[in-house]
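[1] Predicted model and sequence follow; I will ask about them next.
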Amino acid sequence: MSRHGKVLVAMSGGIDSTVVALMLHKQGYEVIGITMKTWDYASAGGSKKETGCCNIDSFNDARAAAVHHGFPHYILDIREEFGDFVIDNFVDEYLAGRTPNPCVMCNTHIKWRALLKRANALDCEFIATGHYAKIRPENERYVISKGIDETKDQSYVLWGLQQDLLSRTILPLGGYRKTAIRQMAHDFGYPELAKKSESYEICFVPDNDYRGFLKRNVVGLEEKVNGGDFLDKQGNVLGKHKGYPFYTIGQRKGLDIALGKPVFVTAIDPNTNAVVLGDEEDLMKKKMLVGKLNYIKHDGILDGQEATIKIRYKDAGSSGLLYKKEQNVQVDFYENAKGIAPGQSAVFYDGDDVIGGGIIQSSDTGL
């Protein structure tokens, strides 16, 4: 009988999840490692070899660590459910002129549910991952807060996790800095892990070319959208673009249009295949509407509640007020926020604690 219980650890083969498994094993948990295969890169048609967490080398690295330390390891194939939801959502969002965040969708709807289902089958009390964030019980709820390493904090991508998932989740890395985890890898006898490069790419787009992915996976896409108009905010035609799904709000590079000054994508209209270009100041917005909400710290918000709001993963956050608006939340920023992109996640913070989050529906117009 283990001292702390039985835990299912999601092991990608990388440094963070491997250290989590070995750390919990050393602490006296009964550890079972599991590596999830979420996609098949050969079928995606990319130009590069498999990278990141979904390749054979990573599977072997995870299994080798488990075998060496004497705990079981399994590979869980979730390609079908991952593709049906995460990849379909990714494609649909770009076709709707929005900018999706597939990692959030995967965590919220696929990865944690798949882990919990297998944990139940294996009689595990807990599941654990290598995310840099914290979870604590408070007032009969489970609260996510930022990890102490601000450069690695991943609380932003966990806003969608519901209370039943959080109550079973252990996040051991929230109290450590990345440098300490690298040292632990050395101490556990895995110096090569400490040197292993980290992937920040979308797992099913390992060449980081989402435009190429869309072209390969949407039949006839280029023929349908090629040759749309670049417009200014007055509706004047500035030139031709390659198709609205290939652009995102705030984009400046890769526009292939010369107007004598830097311009940015400020709006996308899928109905007319139009991409609006403007100045940097046109990206500055004072309000936004957030839907598809999930609350963490409490079961809702107070109308007019103050919060820090992050609108992208590496965003430092902006202060503002939260207002209830039917099934949505309206955010009124104290100062203009730059590059609000519908489809991306907005996460509300009270200090280091996650109040909740949702999907950005719109900014300024119509609020």
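    Cool, the structure landed. Residues are numbered from 1 along each chain as shown.

[2] Could you use CA atoms for every contact and neighbour count after this?
    OK.

[3] Secondary structure class of residue 119, three-state.
    helix (DSSP: H, G, I helix; E, B strand; the rest coil).

[4] Check the burial of it by counting its neighbours.
    21 (other C-alpha atoms under 10 Å).

[5] Tell me the confidence at it?
    Listed pLDDT for residue 119 reads 97.

[6] my guess is it meets residue 128, correct?
    No. Using C-alpha atoms under 8 Å, residue 119 is not in contact with residue 128; the gap is 10.3 Å.

[7] Overlap of the contact sets of the two?
    Common neighbours of residue 119 and residue 128 are listed as 7, 8 (criterion: C-alpha atoms under 8 Å, 6 or more residues apart in numbering).

[8] which stretches of this structure form helices?
    Counting by DSSP state H, the segments of the chain that form helices are 15-27, 41-44, 56-69, 79-82, 88-95, 102-106, 112-121, 163-166, 178-187, 191-195, 210-217, 221-225.

[9] where does the stretch 251-367 of the chain dip in pLDDT?
    Across the stretch 251-367 of the chain, the ranges flagged by pLDDT under 70 are 365-367.

[10] Can you tell me which of the helices of the chain is most buried?
    helix 15-27 (a mean of 22; mean count of other C-alpha atoms under 10 Å).

[11] then it to CSV, C-alphas only?
    Presented in CSV, the C-alpha positions along helix 15-27 are these (Å, rounded to 0.1, in the frame of the first residue of the first chain):
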residue,chain,number,x,y,z
ILE,A,15,11.4,16.8,-18.8
ASP,A,16,8.4,18.2,-16.9
SER,A,17,6.1,15.2,-16.9
THR,A,18,9.0,12.8,-16.4
VAL,A,19,10.2,14.7,-13.3
VAL,A,20,6.6,14.7,-12.0
ALA,A,21,6.3,10.9,-12.3
LEU,A,22,9.7,10.4,-10.6
MET,A,23,9.0,13.0,-7.9
LEU,A,24,5.6,11.4,-7.0
HIS,A,25,7.2,7.9,-7.1
LYS,A,26,9.9,9.1,-4.7
GLN,A,27,7.3,10.7,-2.4
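
[12] mean pLDDT for the helices of the chain: which is lowest?
    Mean pLDDT is lowest for helix 41-44 among the helices of the chain, at a mean of 54.

[13] quick one on the thing from earlier: as TSV, the helices of the chain with distance to residue 249 would be great.
    Output for those, formatted as TSV (distance: least, C-alpha to C-alpha, whole Å):
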stretch	distance to residue 249
helix 15-27	32
helix 41-44	26
helix 56-69	34
helix 79-82	26
helix 88-95	11
helix 102-106	17
helix 112-121	30
helix 163-166	32
helix 178-187	31
helix 191-195	35
helix 210-217	15
helix 221-225	18
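
[14] mind listing the strands in the stretch 201-350 of the chain by residue range?
    Secondary structure of the stretch 201-350 of the chain (DSSP state E, counting those that start in this stretch): strands at 229-231, 237-240, 264-269, 274-278, 284-295, 305-310, 318-325, 328-338, 345-350.

[15] Deepest in the core, which of the ones you listed is it.
    Buried most deeply of those, by mean count of other C-alpha under 10 Å, is strand 345-350, with a mean of 27.

[16] just checking, what packs against it?
    Strand 345-350 sits against strand 305-310, strand 353-363, with contacts defined as 3 or more C-alpha pairs under 8 Å, 6 or more residues apart in numbering; DSSP states H and E.

[17] Now do the shortest one: which elements does it pack against?
    Strand 305-310 sits against strand 318-325, strand 345-350, with contacts defined as 3+ C-alpha pairs under 8 Å, 6+ apart.

[18] Quick one: closest of those strands to residue 64.
    Residue 64 lies closest to strand 345-350 among the helices and strands packed on strand 305-310, at 36.0 Å (C-alpha to C-alpha).

[19] And for residue 254, the neighbour number?
    8.

[20] show me the contacts for it.
    Contacts for residue 254 (C-alpha under 8 Å, 6+ apart) come out as none.

[21] now it: how far from residue 172?
    Residue 254 sits 40 Å away from residue 172, going by C-alpha to C-alpha, to the nearest Å.

[22] what does residue 118 give?
    Distance, residue 118 to residue 172, by C-alpha to C-alpha: 20 Å.

[23] Then residue 263?
    44 Å.

[24] got it, and residue 186?
    Going from residue 186 to residue 172 by C-alpha to C-alpha gives 18 Å.

[25] follow-up on the earlier one: out of the strands of the stretch 201-350 of the chain, flag the one nearest residue 361.
    Using C-alpha to C-alpha, those put strand 284-295 closest to residue 361, at 5.4 Å.

[26] Distance from the chain centre to that closest one, please.
    Computed by C-alpha atoms, centre = their mean, to the nearest Å, the chain-centroid distance of strand 284-295 equals 17 Å.

[27] partners of that strand, with directions?
    strand 328-338 (antiparallel), strand 353-363 (antiparallel) (DSSP bridges).

[28] Nearest to residue 182, out of the ones you listed?
    Residue 182 lies closest, by C-alpha to C-alpha, to one member of these: strand 353-363, at 26.1 Å.

[29] Return the closest one as PDB; C-alpha atoms alone will do.
    C-alpha atoms of strand 353-363 as PDB (Å, rounded to 0.1, in the frame of the first residue of the first chain):
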ATOM      1  CA  ASP A 353      -6.000  32.900  -8.600                       C
ATOM      2  CA  VAL A 354      -8.000  32.000 -11.700                       C
ATOM      3  CA  ILE A 355     -11.600  33.400 -11.300                       C
ATOM      4  CA  GLY A 356     -12.600  31.700 -14.500                       C
ATOM      5  CA  GLY A 357     -12.400  32.100 -18.200                       C
ATOM      6  CA  GLY A 358     -14.100  31.800 -21.600                       C
ATOM      7  CA  ILE A 359     -13.800  32.300 -25.300                       C
ATOM      8  CA  ILE A 360     -13.600  35.800 -26.700                       C
ATOM      9  CA  GLN A 361     -16.700  36.400 -28.800                       C
ATOM     10  CA  SER A 362     -16.200  40.000 -30.000                       C
ATOM     11  CA  SER A 363     -14.600  43.300 -29.100                       C
END
